[in-house]
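Undergrad: sequence? don't have it. structure:
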């Protein structure tokens, strides 16, 4: 059974940067695409980014394009989300997830079958 653990969240000011990490263990990390989602209080979980198995292809939600960068280090079984130019609206719990076999689109929760517990990111104005 795969286990995912996010880290790197915290309280920052608008304009600051953070790098989130997602450490994977269990199921082979190197054979799965990864995704990042976030959820603000009272809102639906939102797609943030996705990265292919090799890291050569990435996708981003419209609200983070040009500011966030997804990457991965398969040798370390770890994925990353570099977040620059943070805004108060980026506040939320950030989750990493492993792509599953459902065939659902990469930008939907149904496209992933394993999730981490999340890490809180709070951006003050």
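TA: Great, that's in hand. Computed from a predicted structure; not experimentally measured. Residues are numbered from 1 along each chain as shown.
Undergrad: going forward, measure contacts between C-alpha atoms and count neighbours the same way
TA: Fine.
Undergrad: Spatially central, which residue of this structure would that be?
TA: For the chain, the residue nearest the mean C-alpha position is residue 36 (2.3 Å; CA atoms, centre = their mean).
Undergrad: Please give the element, helix or strand, for the closest residue in space to it that isn't next to it in sequence.
TA: Distances taken as CA to CA, 6 or more residues apart in numbering put residue 96 closest to residue 36, at 4.5 Å, once the chain neighbours are dropped. Taking DSSP states H and E as the definition, residue 96 sits inside strand 92-99.
Undergrad: Check which element follows that strand along the chain.
TA: Heading C-terminal from strand 92-99 (DSSP H and E), you reach strand 112-115.
Undergrad: tell me which residues of that following strand are tucked away?
TA: Of the residues in strand 112-115, 112, 115 count as buried by neighbour count, 16 or more other CA atoms under 10 Å.
Undergrad: This structure: strands as residue ranges?
TA: Here the chain has its strands, by DSSP state E, at 3-7, 10-13, 18-25, 34-39, 46-51, 58-60, 68-73, 78-83, 92-99, 112-115, 119-124.
Undergrad: For the ones you listed, could you give me TSV that also reports distance to residue 105 and mean pLDDT?
TA: Shown next, in TSV, are these (distance: least, CA to CA, whole Å; pLDDT from 0 to 100):
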stretch	distance to residue 105	mean pLDDT
strand 3-7	21	96
strand 10-13	30	98
strand 18-25	21	96
strand 34-39	11	98
strand 46-51	11	98
strand 58-60	12	98
strand 68-73	18	98
strand 78-83	20	98
strand 92-99	10	97
strand 112-115	9	94
strand 119-124	24	98
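Undergrad: can I get these in TSV with distance to residue 106?
TA: As requested, the strands of the chain are arranged in TSV below (distance: least, CA to CA, whole Å):
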stretch	distance to residue 106
strand 3-7	18
strand 10-13	26
strand 18-25	18
strand 34-39	8
strand 46-51	7
strand 58-60	9
strand 68-73	14
strand 78-83	16
strand 92-99	8
strand 112-115	8
strand 119-124	21
